[in-house]
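> Fold the following and give me the result.
(chains A and B)
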Amino acid sequence: MSFIIDILIIGLIVNIVIIAAIVIALLSFKYHLAITVISEYKYNNNQLLLSELLFYNYDLYKNIYMILSERESIDFDKFKTFIEEKTKIFLGDKEFKITNETTTLVGNESVKGREGYVYIFRPYEYGMVEKIVLVTS
Amino acid sequence: MKGVVLTTQNVFIAIFIIVIIVFVYYFFMSRYLEMHVTIKEFSLERKTINYALNLISNENIVLGKGNVIWRGILDAEKLDKIFLNTTEITHIDRLVKILITPIDIGVTYPNSLIIIRIIDLETCEDNKCFGWLGRIYSPISIDGLFFSKFIECIVENIKLDFGTVIRVITNIGNPVSAVFNLVQPYDWEKCIENTMPSNSQLLFSKSFISSEGFPVLIYYNNGTTHVGRLSVLIGEVI
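Residues are numbered from 1 along each chain as shown, chains lettered A, B, ... in the order given. This is a model prediction of the structure:
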């Protein structure tokens, strides 16, 4: 009987190790699936948000895209509040910042989190194209 | 002494070990089956995200001139023609009609209950917003599956008064889920049993895309644009 008990104990250990390995793999896969879907949503959300924001009309002649691309030649501070207000409608209570990767143009400079980006033309700048990044908490 | 000694203690140890092995296998199977459901759930969430991304480029609802369409900028005039806006939802019968009558916009998933909600965030007052609501046509290939009957059954079992229902719909949140939340769990079960084939399950998308939705711009005839959100709820029969 002790021989059978020994086999059962070895069997038990082997089973537990194999099952634990499979369960850990399944749980990591589940976590991976969940994270992937959330990332997919948040990436698309930020990307769309920035695109929509850029095409929001300030008046019949100007939209936010034009304001950002020509910001050196206009009184940009006057438009900052407008851009902030509209972004807040999209985002609710979430913190955000709009940057060109070197300086924060609008929003809270310390915000870190998900990013969405769009390249805009800069007609009065040497580089011509600039990457605008929206970061949301 | 040769052979196996069958003592009471040894028998109990053997039974104990066998029970543990059975339990471990049970635990494994339950995790394994849970993964099956999880994969289906997340594949539905991904479908919902893809559908919403497709919808914001759909020529039937977005702003377009000639061959050019503006992705993510919805035309309020087109939305009025296709969907019902919240000011038109004046009675519970109207709500039932919206949910029962499907709209064909050329993009759909089969055997699914697809509900679209578009909210103009700049018109919100006291947590009530102007918006549009509609159910998208979905071809049915499963025998005995009737979404119309299911929706009728669900709406019939809403226990609260009309005013509360409308308030729930126009609020920021998941409109249809909100309505469905007003239905008792046993009514849900009854409706699913009476209107769905017995071997099928109804799975609803429930993450961000069905509640928060994606950001869109809504273009009105007078040249103004408003900030809005488009959310998609998909119930899929599996």
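
> burial count for residue 46?
No chain in the question, so chain A it is. Neighbour count for residue A:46, taken as other C-beta atoms under 10 Å in any protein chain shown: 22. C-beta coordinates here come from the backbone N, C-alpha and C atoms, glycine included.

> Not quite, go with chain B.
Residue B:46: 17 neighbours (other C-beta under 10 Å).

> Helix or strand: which one has it?
Element membership for residue B:46 (DSSP states H and E) is helix B:8-55.

> after that helix comes which helix or strand?
strand B:62-65.

> can you tell me if that next one touches chain A.
No: residues of strand B:62-65 are not located near chain A by C-beta under 8 Å from any C-beta of the partner chain, the shortest gap being 10.0 Å.

> what packs against that strand?
strand B:68-75 (3 or more C-beta pairs under 8 Å, 6 or more residues apart in numbering or on different chains; DSSP states H and E).

> Keeping just the C-alphas, turn the strand it packs on into PDB.
Backbone C-alpha positions of strand B:68-75 (Å, rounded to 0.1, in the frame of the first residue of the first chain) are rendered in PDB as follows:
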ATOM      1  CA  VAL B  68     -14.600  63.500 -50.400                       C
ATOM      2  CA  ILE B  69     -15.700  62.500 -46.900                       C
ATOM      3  CA  TRP B  70     -14.500  63.900 -43.600                       C
ATOM      4  CA  ARG B  71     -13.800  61.000 -41.300                       C
ATOM      5  CA  GLY B  72     -15.200  61.500 -37.800                       C
ATOM      6  CA  ILE B  73     -17.300  64.600 -38.800                       C
ATOM      7  CA  LEU B  74     -20.900  63.500 -38.700                       C
ATOM      8  CA  ASP B  75     -23.600  65.400 -40.700                       C
END
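
> Counting by contacts, list what it packs against.
So strand B:68-75, by 3+ C-beta pairs under 8 Å, 6+ apart, packs with helix A:2-54, strand B:62-65, strand B:214-219, strand B:225-237.

> and if we set it to 10 Å?
helix A:2-54, helix B:8-55, strand B:62-65, strand B:214-219, strand B:225-237 (3 or more C-beta pairs under 10 Å, 6 or more residues apart in numbering or on different chains; DSSP states H and E).

> Pick the most deeply packed of the ones you listed.
strand B:214-219 (a mean of 25; mean count of other C-beta atoms under 10 Å in any protein chain shown).

> for the record, mean pLDDT for that one?
For strand B:214-219, the mean per-residue pLDDT is 90.

> Tell me which of the helices and strands packed on strand B:68-75 lies nearest to residue B:150.
strand B:225-237 (8.9 Å; C-beta to C-beta).

> re earlier: can you redo the helices and strands packed on strand B:68-75 as TSV with distance to residue B:195?
TSV is the format used below for these (distance: least, C-beta to C-beta, whole Å):
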stretch	distance to residue B:195
helix A:2-54	29
helix B:8-55	20
strand B:62-65	34
strand B:214-219	30
strand B:225-237	11
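
> Which of the ones you listed sits closest to residue B:202?
strand B:225-237 (5.5 Å).

> Would you mind telling me which of the helices and strands packed on strand B:68-75 is nearest residue A:135?
helix A:2-54 (8.2 Å).

> May I have whichever helix or strand comes after the closest one as CSV, with CA atoms only?
Remark: after helix A:2-54, the chain's next helix or strand is helix A:64-69, criterion DSSP H and E. The C-alpha trace of helix A:64-69 is given here as CSV (Å, rounded to 0.1, in the frame of the first residue of the first chain):
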residue,chain,number,x,y,z
ILE,A,64,-7.9,74.7,-34.3
TYR,A,65,-5.6,73.1,-36.9
MET,A,66,-5.0,76.6,-38.4
ILE,A,67,-4.6,78.2,-35.0
LEU,A,68,-1.8,75.6,-34.0
SER,A,69,-0.1,75.7,-37.4
